[in-house]
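Chemist: When you get a sec, could you give me coordinates for this:
(one chain, ligands or ions: 1)
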Amino acid sequence: MNIRKLRSDFPALQKKWNGKFPIYFDNACMTLKPVQVRDAMDEYYNEYPVCGGRSIHKMAKKVDEKVGEAREKMQEFLGASSSDEVVFTRNTTEGLNLVANSLGFDKGDIVLTTDREHNSNLVPWQVQAKRRGIKHVVVHSNPDNTFDLDKFEETLCNNRNVRLVSMVHTANLDGYTIPAQEIIKLSHEHGALVMLDGAQSAPHKPIDVKALDVDFFALSVHKMVGPSGMGVLYGKQELLVELEPFIVGGDTVEDSTYEDAKFLPPPEKFEAGLQNYAGIIGSGAAVDYLADVGLPNIREHEEKLNRIITEGIKDMPGVKIIGPADPALRGGIVSFTVDMPHGDAHDIALVLDETENIEVRSGAFCVHSWFNYRKCDAAVRASLYLYNTEDEARKFIDVIGKTIGLFNP
Ligand SMILES: Cc1ncc(COP(=O)(O)O)c(C=O)c1O
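Modeler: Got it, this is the predicted structure:
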């Protein structure tokens, strides 16, 4: 990977703030965008900025052609059997909500999650519990924060009604990836479907939905160099056909009368109204970009940087890294709490930003439930991506050391 060359693709890395370039370590939230994605979107806005799916004129046909291409690129990226299994959404949250609302649950059906779910894969089940009487059961992790496969199997054996296992594939909390293959096999043996929240896995490692045999997989394209407000829900074709439509209206139906409507097959029945065509086309460019760089290279690069940071901060006073100790098990994420008499995680993040433009996340990262369960307020998270460098990792260690010293003189 030629990092210097890659970096030149990202205009946001070339802009100085207060006289200094940014060190962008908030990639789990949203990644920066390369010019290739912007150019693909510009082409739409400049040359054929019209609707797809409806009109038969040349510009509209061009939009259909480009959207079709983007869907095929996404199919290839995910290893899906057909581009009809790719539903464009606004984000992971929407994909997860689509399944939560559209799957035909019976009262008493159980949905299993991990104990480290983003609110987007927690709150939908709490709402469905209130609305439809499903039961949400949490499978707690091992003490070292790894997945407890025995407890999971025990939970499946003890609960006959598990309808869906919906779990975060790679956690935004600590970068840990659950053993998806084993989880899916066990779930299927017990008659349960599996949905993976792929918001933090798809950007960082190759995904093959067919090899995984996963039933649903949701991702956010804005976390993988793509346009903001774009996501994808993958679903096995036979399951998408069975799902009830979620948001309904124009473009979801083939025909309607005053009394009824005939829905189009998936993916159309889930893509209601005019779409973010520029975003869809930009999503195609994003997966082209990632394929060119190579997902295995990205994963290796992030692990190298994670090892540098982990080694550099793990013995600093008060620092406790969240998740497994081995950085190889935490991909591109280093989250940590700092036990100090003065200041908190937000103060650290502010100082990093104010002094050296190091942009990290502080707080509960939308995993409030995990923090509340442990009576812990907040942590700092550095999340890495393909354009981050070893120099940036070393600078981060240096500034973290100085910042902790500042609050603990
Ligand atoms: C693991 C995980 N799931 C879901 C989400 C929600 O993603 P979005 O806000 O793009 O819907 C995030 C966002 O950070 C995440 O990290």
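
Chemist: Show me which residues of the host helix or strand of Gly405 are buried.
Modeler: Per DSSP states H and E, Gly405 falls inside helix 390-407. Going by neighbour count (16 or more other C-beta atoms under 10 Å), the buried part of helix 390-407 is 392-393, 396-397, 399-400, 403-404, 407. C-beta coordinates here come from the backbone N, C-alpha and C atoms, glycine included.

Chemist: can I get these in a markdown table with pLDDT and distance to the ligand?
Modeler: Formatted as a markdown table, the buried residues of helix 390-407 follow (pLDDT from 0 to 100; distance: C-beta to the nearest ligand atom, whole Å):
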| residue | pLDDT | distance to the ligand |
| --- | --- | --- |
| Glu392 | 98 | 21 |
| Ala393 | 98 | 21 |
| Phe396 | 98 | 20 |
| Ile397 | 98 | 24 |
| Val399 | 97 | 24 |
| Ile400 | 97 | 22 |
| Thr403 | 94 | 24 |
| Ile404 | 92 | 26 |
| Phe407 | 87 | 27 |
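
Chemist: Just put these in JSON lines and tack on distance to Ala60.
Modeler: Compiled in JSON lines, those are given as follows (distance: C-beta to C-beta, whole Å):
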{"residue": "Glu392", "distance to Ala60": "45"}
{"residue": "Ala393", "distance to Ala60": "48"}
{"residue": "Phe396", "distance to Ala60": "48"}
{"residue": "Ile397", "distance to Ala60": "53"}
{"residue": "Val399", "distance to Ala60": "52"}
{"residue": "Ile400", "distance to Ala60": "53"}
{"residue": "Thr403", "distance to Ala60": "54"}
{"residue": "Ile404", "distance to Ala60": "58"}
{"residue": "Phe407", "distance to Ala60": "58"}
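
Chemist: Wondering if stretch 369-376 reaches the ligand at all.
Modeler: No: contact of stretch 369-376 with the ligand (C-beta under 6 Å from any ligand atom) is absent, the minimum separation being 11.7 Å.

Chemist: Tell me the buried residues in that stretch?
Modeler: So for stretch 369-376, counting by 16+ other C-beta under 10 Å, buried means 369-371.

Chemist: Kindly report the same for stretch 3-23.
Modeler: 6-7, 9-10, 13, 22-23.

Chemist: Endpoint to endpoint, that stretch covers what distance?
Modeler: Across stretch 3-23, the terminal residues are separated by 14 Å (C-alpha to C-alpha, to the nearest Å).

Chemist: give me the number of residues near the nearest residue to Ala272 once chain neighbours are set aside?
Modeler: The shortest distance from Ala272 to any non-neighbouring residue, by C-beta to C-beta, 6 or more residues apart in numbering, is to Ile247 (4.4 Å). Ile247 is flanked by 13 other residues according to other C-beta atoms under 10 Å.

Chemist: Please apply the same query to the one 5 residues further on.
Modeler: Residue neighbour count, defined by other C-beta under 10 Å, stands at 19 for Thr252.

Chemist: Which part of the stretch 251-400 of the chain gets nearest to the ligand, residue-wise?
Modeler: The nearest approach of the stretch 251-400 of the chain to the ligand comes at Cys366, 6.1 Å away (C-beta to the nearest ligand atom).

Chemist: Can you check the pLDDT for that residue?
Modeler: For Cys366, the pLDDT comes out at 96.

Chemist: pretty sure it is touching Ser120, no?
Modeler: Yes: the criterion here is C-beta atoms under 8 Å, and Cys366 meets it with Ser120 at 7.2 Å.

Chemist: out of the two, which sits in the busier spot?
Modeler: Between Cys366 and Ser120, counted using other C-beta under 10 Å, the more crowded position is Ser120 (22 against 18).

Chemist: Ser201 falls within a helix, correct?
Modeler: No: when classified by DSSP: H, G, I helix; E, B strand; the rest coil, Ser201 is found to be coil rather than part of a helix.

Chemist: my read: it touches Thr170, true?
Modeler: Yes: between Ser201 and Thr170 there is a contact at 4.0 Å, judged by C-beta under 8 Å.

Chemist: Identify the contacts common to the two.
Modeler: Shared contacts of Ser201 and Thr170, defined by C-beta atoms under 8 Å, 6 or more residues apart in numbering, are found at Thr177.

Chemist: Same drill for the two, tell me which one is more crowded.
Modeler: Applying other C-beta under 10 Å to Ser201 and Thr170 shows that Thr170 carries more neighbours, namely 26 against 22.

Chemist: mind listing what the more buried one touches?
Modeler: So Thr170 contacts 176-178, 198, 200-201, 204-205, 331 (C-beta under 8 Å, 6+ apart).

Chemist: how about low-confidence regions in the stretch 151-300 of the chain?
Modeler: Applying pLDDT under 70 to the stretch 151-300 of the chain flags no residue at all.

Chemist: Please determine how far the residue positioned nearest the centre of the chain is located from the ligand.
Modeler: By C-alpha atoms, centre = their mean, the chain has its centre lying nearest to Ala199, at 1.1 Å. Ala199 sits at a distance of 3 Å from the ligand (criterion: C-beta to the nearest ligand atom, to the nearest Å).

Chemist: hang on, Ser166 in a strand?
Modeler: Yes: counting by three-state DSSP, Ser166 is part of a strand.

Chemist: isn't it right next to Thr114, touching?
Modeler: No: using C-beta under 8 Å, Ser166 is not in contact with Thr114, being 9.3 Å away.
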